[in-house]
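J.: Show me how the following folds:
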Amino acid sequence: MHRSGRSLLQVRKQHGLKIDSGLLLNFDTMARALKVPAFSIGTDSREKFLPVYEGSYFHAFDHRFATWRGDTIAALGNDSRLDPLSEIETEFRVSMESALVRLQALGWQRGWLLLLRRQARATDETTSISTLVPLSLAEGSASFFFGQDLCARRGAHLVALFNSYAFNFAVRIRQGGPNLSKSIYDQLPVPSSLVEPEVAPANALPVAIVPRVLELVFTSWSLAPFAVELDHGGPPFVWSPQRRLAIRYELDAAFFHLYGLGRDDLDYILETFPGVKRKDIERHGDFRTKLRILEIYDAMQRAMETGEPYRSALDPPPGDPRAAHEGGS
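T.: Prediction:
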């Protein structure tokens, strides 16, 4: 049986949910056999080739973090991300036909993939970094997750989980270095509400995770297949650093609730991310990330206690089509 015939999340009687790390796949050998330098591909043939991702090209909720520029990988500026037609270049590409044959052999039929970085750089504030990417291959410190139950909704929940401070704290407890081994995923706790997000009770999640992840990741047309699977047939969302930060605060507060962590736990955990604190103090004069997540955590707690839905301070709310580009631009 191909690997995607296995369930991504498994239930253990004594330890709750776990992730099947056997479905975390490297494509190093395949990529080496198939990849060609991007500069060798003619303009008229470019659409027949897919990018080969490695860890430096993407970041949390961002498949366009950096691009190949001649002889180096350079960060992509916010101005470029504002263009929903703009995509990154990778040093190597692979034939779309060859890549699709291999992906389909794994049982993968969707037009997107869930990608994780297994090695953090010295400048990264967290160890676990993940996003959704268009069809592609990966090598080096980047790996894909597969699974028969990895639909777009499940993918959105998992990407939010992998990028959360709560999950990253669990990673640090079990693995102190910057390299995230595949086996570590078998040891990490997963909130039970992520088992069946499609049928979870309305009050199982503090906020709707899917529309928030949709706005964060669907910023260019290349991820339209992911958006369509979530019933969003409109244009990509506008790249707004301020909105993105606010949405991530809400997701982090939600995952602290999903893990059953109290306010004091949240305070303690965020203090274990000194890089985040240092940058916040340099920019704002206070630990802005912790203060905002605590504020939102409290608002979600009040909402759960009163039975009233949590209301985002963002207008329009996360994932609202009004936050997307107009028309087909």
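J.: Would you confirm that A152 contacts F226?
T.: Yes: under the criterion of Cβ atoms under 8 Å, A152 makes contact with F226 at 5.5 Å. Heads up, the C-betas are built off the backbone N, CA and C, glycines and all.
J.: between those two, what contacts are shared?
T.: 110, 112 (Cβ atoms under 8 Å, 6 or more residues apart in numbering).
J.: Tell me how far G260 lies from H325.
T.: 38 Å (Cβ to Cβ, to the nearest Å).
J.: now A170
T.: 36 Å.
J.: With H63 instead?
T.: Distance from H63 to H325, by Cβ to Cβ: 17 Å.
J.: Those two: who's more crowded?
T.: Neighbour totals were compared for H63 and H325, and H63 leads with 25 against 19 (other Cβ atoms under 10 Å).
J.: Contacts only, for that one.
T.: Here H63 is in contact with 57, 88, 115, 131-134, 217, 220, 222-223 (Cβ under 8 Å, 6+ apart).
J.: So which of those residues sit within strands?
T.: 115, 131-134 (DSSP state E).
J.: pretty sure V228 belongs to a helix, no?
T.: Yes: under DSSP: H, G, I helix; E, B strand; the rest coil, V228 falls within a helix.
J.: For the stretch 101-250 of the chain, which segments count as strands?
T.: 112-117, 129-134, 137-138, 142-145 (DSSP state E, counting those that start in this stretch).
J.: Can you give the contact residues for the shortest one?
T.: In this structure, residues lying in contact with strand 137-138 by Cβ under 8 Å, 6+ apart are 26-27, 30-31, 34-35, 50-54, 94, 99, 115, 144.
J.: ok, now with 6 Å
T.: 27, 31, 52-53, 94, 99 (Cβ atoms under 6 Å, 6 or more residues apart in numbering).
J.: What strands line up against that strand, and which way round?
T.: strand 49-53 (parallel) (DSSP bridges).
J.: Kindly provide the distance from F65 to G77.
T.: 11 Å.
J.: next one: V238
T.: 15 Å.
J.: Show me which of the two is the more surrounded one.
T.: Using other Cβ under 10 Å, the more surrounded residue of V238 and G77 is V238, with 16 against 9.
J.: OK, contacts around that one?
T.: For V238, the contact set (Cβ under 6 Å, 6+ apart) comprises H325.
J.: likewise A99?
T.: 50, 137.
J.: and it, what element?
T.: helix 96-105 (DSSP states H and E).
J.: Buried residues, that helix. List them.
T.: Residues of helix 96-105 classed as buried by neighbour count (16 or more other Cβ atoms under 10 Å): 98-99, 103.
J.: which one among those gets closest to T127?
T.: Taking Cβ to Cβ as the measure, T127 lies nearest L103 of the buried residues of helix 96-105, at 27.0 Å.
J.: what's the pLDDT at that closest one?
T.: What the model reports as pLDDT for L103 is 87.
J.: and the helix holding A99, how far out from the chain's middle?
T.: Remark: helix 96-105 is offset 23 Å from the chain centroid, using Cα atoms, centre = their mean, to the nearest Å.
J.: Give me the angle between that helix and strand 112-117.
T.: Going by axes from the mean of the first three to the mean of the last three Cα atoms, to 10 degrees, helix 96-105 is angled at 90 degrees with respect to strand 112-117.
J.: shaky segments in the protein?
T.: The chain contains residues with pLDDT under 70 at 1-24, 26, 28, 120-123, 176-178, 193-204, 328-329.
J.: tell me the centre residue of it?
T.: Centrality entry for the chain: nearest residue to the mean C-alpha point is T131, 2.8 Å, by Cα atoms, centre = their mean.
J.: Show me which positions of stretch 77-92 end up buried.
T.: 81, 84, 86-92.
J.: Likewise for stretch 265-276?
T.: 266, 269-270, 273, 276.
J.: nearest to D298, of these?
T.: L266 (9.8 Å).
J.: quick one on the thing from earlier: give me the subset of the buried residues of stretch 77-92 lying in helices.
T.: Among these, the members falling in helices (DSSP state H) are R81.
J.: which among the buried residues of stretch 77-92 gets closest to A208?
T.: For these, the nearest to A208 is P84 (23.2 Å; Cβ to Cβ).
J.: Name all residues that make contact with the closest one.
T.: Contacts for P84 (Cβ under 6 Å, 6+ apart) come out as 220-221, 236, 325.
J.: any idea which of the residues you listed has the most stuff around it?
T.: Tallying neighbours with other Cβ under 10 Å puts P236 at the head of the contacts of P84, with 23 neighbours.
J.: CA-only coordinates of stretch 232-244 in CSV, if you can.
T.: Output of stretch 232-244 as CSV, limited to C-alpha atoms (Å, rounded to 0.1, in the frame of the first residue of the first chain):
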residue,chain,number,x,y,z
HIS,A,232,-13.0,29.9,-1.6
GLY,A,233,-13.2,30.5,-5.3
GLY,A,234,-12.2,34.1,-5.2
PRO,A,235,-8.8,35.8,-5.6
PRO,A,236,-5.9,35.5,-3.1
PHE,A,237,-5.7,37.5,0.0
VAL,A,238,-3.8,40.7,0.2
TRP,A,239,-0.4,40.4,1.9
SER,A,240,-0.8,42.6,5.0
PRO,A,241,2.0,42.2,7.6
GLN,A,242,-0.2,43.8,10.3
ARG,A,243,-3.2,41.6,9.7
ARG,A,244,-1.0,38.5,9.4
